[in-house]
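Enquirer: Just need the structure, nothing else, for what follows:
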Amino acid sequence: QVQLVESGGGLVQPGGSLRLSCAASKYGFVIHNMGWYRQTPGKQRELVAGVNSGGNINYADSVKGRFTISRDNAKNTLNLQMNNLKPEDTAVYYCNVDGTYGGRTEFYDYWGQGTQVIVSS
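Expert: Alright, predicted model coming up:
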């Protein structure tokens, strides 16, 4: 079982910054892909930014140039630096990882509990 603990959400004014962090505790689990998703009431969860085991990164068009995702494989952590925040960035942000156990080929994915980000003046 993999546990993901997120931190760093909160209330910030438009134009401000926040840094989200996700720490993964894993036992015998090899993490492949890591990502941040967000969700607002009545809408589907959407990918904000993701990074795979090779370090390849992709961002949602709406956050390009403002958000930066980073991954530390040694510490099993994932961060999301969010700059120039806008009210439309308000959402619950979720950390997600997927990977395999013990050399097996079946993929599993896990979610954090979510952290609220509110961008408002």
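Enquirer: how about the strands of the protein, start to end?
Expert: Assigned by DSSP state E, the chain shows strands spanning 3-7, 10-12, 18-25, 29-39, 46-51, 57-59, 67-72, 77-82, 91-101, 108-111, 115-119.
Enquirer: in the third one, what's buried?
Expert: Neighbour counts using 16 or more other CB atoms under 10 Å place 18, 20-24 of strand 18-25 among the buried residues. No exception for glycine: its C-beta is placed from N, CA and C like everyone else's.
Enquirer: One more: the last one?
Expert: Counting neighbours by 16+ other CB under 10 Å, one finds that the buried residues in strand 115-119 are 115, 117, 119.
Enquirer: Pipe those into a markdown table and attach distance to Gln13 per row.
Expert: As requested, the buried residues of strand 115-119 are exported to a markdown table (distance: CB to CB, whole Å):
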| residue | distance to Gln13 |
| --- | --- |
| Thr115 | 18 |
| Val117 | 12 |
| Val119 | 7 |
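Enquirer: Any chance of CSV for the residues you listed, columns distance to Asp61 and pLDDT?
Expert: As requested, those are exported to CSV (distance: CB to CB, whole Å; pLDDT from 0 to 100):
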residue, distance to Asp61, pLDDT
Thr115, 23, 97
Val117, 18, 98
Val119, 18, 98
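Enquirer: just those residues now: which is nearest Val48?
Expert: Val117 (10.3 Å; CB to CB).
Enquirer: Report the contact partners of the closest one.
Expert: Contact analysis of Val117 by CB atoms under 8 Å, 6 or more residues apart in numbering lists 9-10, 12, 18, 20, 38, 82, 85, 89-93.
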